[in-house]
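1. make a model of this:
(one chain, ligands or ions: 2)
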Amino acid sequence: MSKSIDAKLLLVGETGNGKSSLGNFILNRKVFSVSDNPQSETKITRGEYGIDDTKDIFVIDTPGLQDAEGTDKEHLVQMVDFIKNNPGLQAIFIIFNFHQPRLPLYIQTLINYYVMYSQELIFGLM
Ligand SMILES: Nc1nc2c(ncn2[C@@H]2O[C@H](COP(=O)(O)OP(=O)(O)OP(=O)(O)O)[C@@H](O)[C@H]2O)c(=O)[nH]1
Ligand SMILES: [Mg+2]
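-> Ligands and ions are numbered 1, 2, ... in the order given. Next up is the predicted model:
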């Protein structure tokens, strides 16, 4: 029998802004690797459930979309594939650096895409 999920959440944002930390906080367990290394710590998109009170929450952690290693395209393809295979998102968290006052252009583009494809993200990509 498939596992029932109350909340399926997607975390996106720039490298080092705290996506994995927030994922661990939401799930109340340390499942995603956290680092203050300037290079991208999270390499692939993957999802984890919590346990006990958070067992019905599925958090999808993603790599930073703008890292120094130039492998964004590969990360992006794997991220899109993962999301395609996990329809039914309840929320998308875009994690910002509080000290960075400007909204980066790629984040604006990302938001536009999410709005454009919101039906598919919620009900499944066609
Ligand atoms: N001050 C402060 N530091 C934070 C916060 N959230 C995360 N950090 C720190 O920021 C650093 C990066 O956190 P991560 O959770 O690994 O960031 P990430 O967005 O997953 O990074 P990548 O996986 O590399 O894309 C770590 O040293 C965290 O301890 C926060 O809310 N406040
Ligand atoms: Mg991370």
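2. element containing residue 48?
-> Assigned by DSSP states H and E, residue 48 belongs to strand 46-49.
3. mean confidence score for the next helix or strand along the chain from that strand?
-> Once the chain leaves strand 46-49, the next helix or strand it forms, by DSSP H and E, is strand 57-61. For strand 57-61, mean pLDDT rounds to 97.
4. for strand 57-61, C-alpha coordinates in CSV please.
-> Taking Å, rounded to 0.1, in the frame of the first residue of the first chain, the C-alpha atoms of strand 57-61 are listed here in CSV:
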residue,chain,number,x,y,z
ILE,A,57,5.6,15.2,5.7
PHE,A,58,7.7,14.6,2.6
VAL,A,59,10.4,17.3,2.0
ILE,A,60,12.2,17.5,-1.3
ASP,A,61,15.7,19.1,-0.9
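5. off-centre distance for the helix or strand following it?
-> Toward the C-terminus, strand 57-61 is succeeded by helix 72-84 as the next helix or strand (DSSP H and E). Put simply, helix 72-84 sits 11 Å off its chain's centre (CA atoms, centre = their mean, to the nearest Å).
6. list the contacts of the nearest residue to residue 76 once chain neighbours are set aside.
-> If you skip the residues right next to it in sequence, residue 76 has residue 65 as its closest partner in space, 7.1 Å away by CB to CB, 6 or more residues apart in numbering. C-beta: built from backbone N, CA, C; applies to glycine. Each residue near residue 65 by CB atoms under 8 Å, 6 or more residues apart in numbering is listed here: 12-15, 72, 75-76, 106, 110.
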